[in-house]
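*Asks:* The sequence and its predicted three-dimensional model are supplied below.
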Amino acid sequence: MSLSINDLSSVFKKFDICLPTDLNASFEAVTLLADKQNTIEEDILYVATLDSLNGLRHQPFQANLLLIFSPLESFDISGFCQHNITVVTTDISCVEAYAMVKKALKDRKDFEEKYLMILSILTMELNYQQIANKLFQILNHPIAFTDISFKTLGFTDCVEINDYVWQHYTTQEYEPVAYLNIVKDAGLQSVFDSEDPVLNTEPLKLPHRRLGCKIGNGVNMLGWVTLIEYFQEFTPYDFQLLKLVSQVLLTEFKKDSNYNYSRGQVFEYLIIDLLNGTIKKPSILQNRIQQLDFTIQEHKHVLVINLKSKHRDSLVLIRKDLESILYGSKTLIYGDNLILIQNKKTKTRLPILKKHF
């Protein structure tokens with residue numbers, strides 16, 4: 001656990017700060033420089049005043065120094081050019097500056113510990129709901145994640161969250177269109193295009209701020225994950241941790257046969273849920289059909305190709321070939337099966353495919 005000298009710019013961002021040339025120098029602890037102190041350690045940041053600095057004038061080894069400098073003071077530090085001195089011009093005391101750096105070191109340590117705990121989820125055999133509760137324990141932010149069809153897979157259910165939007169999509173029937181409207185109203189739709197977490201731009205339209213990140217890589221988005229600023233404020237570290245969470249969830253998705261070969265298309269998840277028997281009500285089915293990027297015609301052809309598990313990767317190649325042959329068809333991989341659905345306005349037969357396979 002360490003911070004770099006460059007990190008001090010964010011610790012003292014509200015003050016006038018002058019950084020040294022060696023910004024990459026790091027330190028693992030911070031202490032107050034005592035008057036007439038003439039010994040130093042390289043992995044410690046020393047918080048100094050003009051008076052305490054004099055003891056290091058002839059110290060040959062480089063010290064990482066944080067000089068707290070009053071706007072009313074004037075001093076020439078050219079006699080200390082052997083040291084890595086960061087100068088902060090402020091009215092706060094050395095003790096207050098020391099406390100700020102101490103907190104920054106603690107925050108960094110907490111971040112590194114949380115980072116490792118999130119990674120450890122990959123070694124556990126947890127379902128999506130258990131993952132959601134584990135992440136809440138680590139982050140202390142309510143969390144929810146969905147697939148691309150906005151079907152909630154896991155959310156914080158171990159504490160009560162007094163947020164009407166949260167309560168709606170964790171207790172009501174599945175309503176993807178309504179949920180998508182909430183995302184747009186909150187200014188979070190840019191999460192679909194961003195590779196990094198996005199903070200909602202319309203905080204007044206929601207009871208609490210949201211931090212969202214897509215689950216996927218490139219244009220292949222499989223879902224998205226959201227944190228709520230409820231028990232404590234977001235920090236810059238939360239952005240990094242949520243990015244890691246999205247990568248861990250993507251790995252978990254890839255273990256799931258429903259998502260392993262998914263292209264992140266709403267159509268895929270609708271058919272998978274129908275085949276799994278998870279859609280129980282016609283109203284929910286109708287709601288999900290509204291999301292589809294194609295119109296279901298009266299005449300449909302369904303083609304199912306089954307391969308043994310050891311040849312499952314071949315389904316990916318066959319899928320691409322079929323789509324090039326049968327223009328406008330929709331395909332998905334379900335278990336060891338490749339399913340193709342082709343819409344037709346008129347009743348026609350599928351072309352003969354023998355010559356292609």
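*Replies:* Thanks, I have it. Numbering: from 1, shown residues only.
*Asks:* the helices in the stretch 151-300 of the chain, which residues?
*Replies:* Secondary structure of the stretch 151-300 of the chain, counting by DSSP state H, counting those that start in this stretch: helices at 164-171, 176-185, 236-255, 266-276, 282-289.
*Asks:* among those helices, which is nearest residue 70?
*Replies:* helix 236-255 (29.0 Å; Cβ to Cβ). Every residue, glycine included, has its C-beta placed from N, CA and C.
*Asks:* From the chain's centroid, how far away is the closest one?
*Replies:* Chain-centre distance of helix 236-255: 5 Å, with Cα atoms, centre = their mean, to the nearest Å.
*Asks:* Show me what counts as buried in it.
*Replies:* Buried residues in helix 236-255, counted by 16 or more other Cβ atoms under 10 Å: 237-239, 241-242, 245-250, 252-253.
*Asks:* Output the lowest mean pLDDT helix or strand found in the protein.
*Replies:* helix 176-185 (a mean of 65; mean pLDDT, DSSP states H and E).
*Asks:* Show me the domain layout of the protein.
*Replies:* What automatic domain parsing lists as the domains of the chain is 3-106, 124-255, 266-356.
*Asks:* any chance of those domains in a markdown table, with distance to residue 114 too?
*Replies:* Shown next, in a markdown table, are the domains of the chain (distance: least, Cβ to Cβ, whole Å):
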| stretch | distance to residue 114 |
| --- | --- |
| domain 3-106 | 12 |
| domain 124-255 | 5 |
| domain 266-356 | 30 |
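*Asks:* Ok, which of those domains comes nearest residue 115?
*Replies:* It is, among the domains of the chain and with distance given as Cβ to Cβ, domain 124-255, at 6.3 Å.
*Asks:* Is it possible to get TSV of the buried residues of helix 236-255 that adds pLDDT?
*Replies:* Formatted as TSV, those follow (pLDDT from 0 to 100):
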residue	pLDDT
237	96
238	97
239	96
241	98
242	97
245	97
246	96
247	95
248	96
249	95
250	93
252	92
253	90
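*Asks:* can you pull the contacts of residue 11?
*Replies:* 100, 101, 104 (Cβ atoms under 8 Å, 6 or more residues apart in numbering).
*Asks:* how much space between the last one and residue 226?
*Replies:* In other words, residue 104. 27 Å (Cβ to Cβ, to the nearest Å).
*Asks:* How about residue 249: what's its closest non-neighbour residue?
*Replies:* The shortest distance from residue 249 to any non-neighbouring residue, by Cβ to Cβ, 6 or more residues apart in numbering, is to residue 215 (5.0 Å).
*Asks:* now swap in residue 314 and tell me
*Replies:* Going by Cβ to Cβ, 6+ apart, residue 314 has residue 307 as its nearest residue, at 6.0 Å.
*Asks:* and that neighbour, backbone torsions?
*Replies:* As for residue 307, its main-chain torsions (degrees, to the nearest 10) stand at phi -130, psi 150.
*Asks:* That one - how many residues pack around it?
*Replies:* Look at residue 307: counted by other Cβ atoms under 10 Å, it has 16 neighbours.
*Asks:* likewise residue 114?
*Replies:* By other Cβ under 10 Å, the residues close to residue 114 number 19.
*Asks:* Regarding it, what is its secondary structure?
*Replies:* Three-state call for residue 114 (DSSP: H, G, I helix; E, B strand; the rest coil): helix.
*Asks:* How about the one 3 residues further on?
*Replies:* Applying three-state DSSP to residue 117 yields a three-state assignment of helix.
*Asks:* could you check the distance from it over to residue 54?
*Replies:* 45 Å.
*Asks:* Next: residue 233.
*Replies:* Separation of residue 233 from residue 54 (Cβ to Cβ): 41 Å.
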